[in-house]
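In: Okay, sequence plus prediction incoming.
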Amino acid sequence: MASIDDEDLPALDALMARYSDRPMDFADATLVHLALRESLDLVFTVDNDDFETYRIGARKRFRLLPGRL
């Protein structure tokens, strides 16, 4: 199980600043950060608009389930 610690907070803050035009909330920042840290690219979400925008690292897109309905 992946966890978030105090050491992760600066990275979460940086993600929320990077996507401030959306804006990215803490929950989404946590998921994007964990995906990067744990080398994951598959996300189960109904929030397709945001997760189609977010990137893992600089360029890699998420694979989304269930996809557009």
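Out: Perfect, I can see it now. Residues are numbered from 1 along each chain as shown.

In: Helices of this structure, start to end?
Out: When assigned using DSSP state H, the helices of the chain occupy the ranges 9-18, 26-37, 48-53.

In: contact partners of the second one?
Out: Okay, so that is helix 26-37. Contacting residues not belonging to helix 26-37 are listed as 2, 4, 8, 11-12, 15-16, 24, 40-41, 43, 47, 50-51, 54, 56-57, 62 [CB atoms under 8 Å, 6 or more residues apart in numbering]. All C-beta atoms are positioned from the backbone trio N, CA, C, and that covers glycine.

In: Likewise for the last one?
Out: The set of residues that contact helix 48-53 without belonging to it, under CB under 8 Å, 6+ apart, is 19, 22, 24, 28, 43, 45, 61-62, 64, 67-68.

In: any idea which residue sits dead centre in the protein?
Out: Residue closest to the average C-alpha location in the chain (CA atoms, centre = their mean): Val32, at 2.0 Å.

In: Buried members of the contacts of helix 26-37 into PyMOL, please.
Out: Buried members of the contacts of helix 26-37, identified by 16 or more other CB atoms under 10 Å, are gathered into one PyMOL selection as follows:
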select buried, resi 11+12+15+16+24+43+50+51+54+56+62
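
In: so which of the helices of the chain is the most packed in?
Out: Of those, the one with the most neighbours on average (mean count of other CB atoms under 10 Å) is helix 26-37, at a mean of 18.
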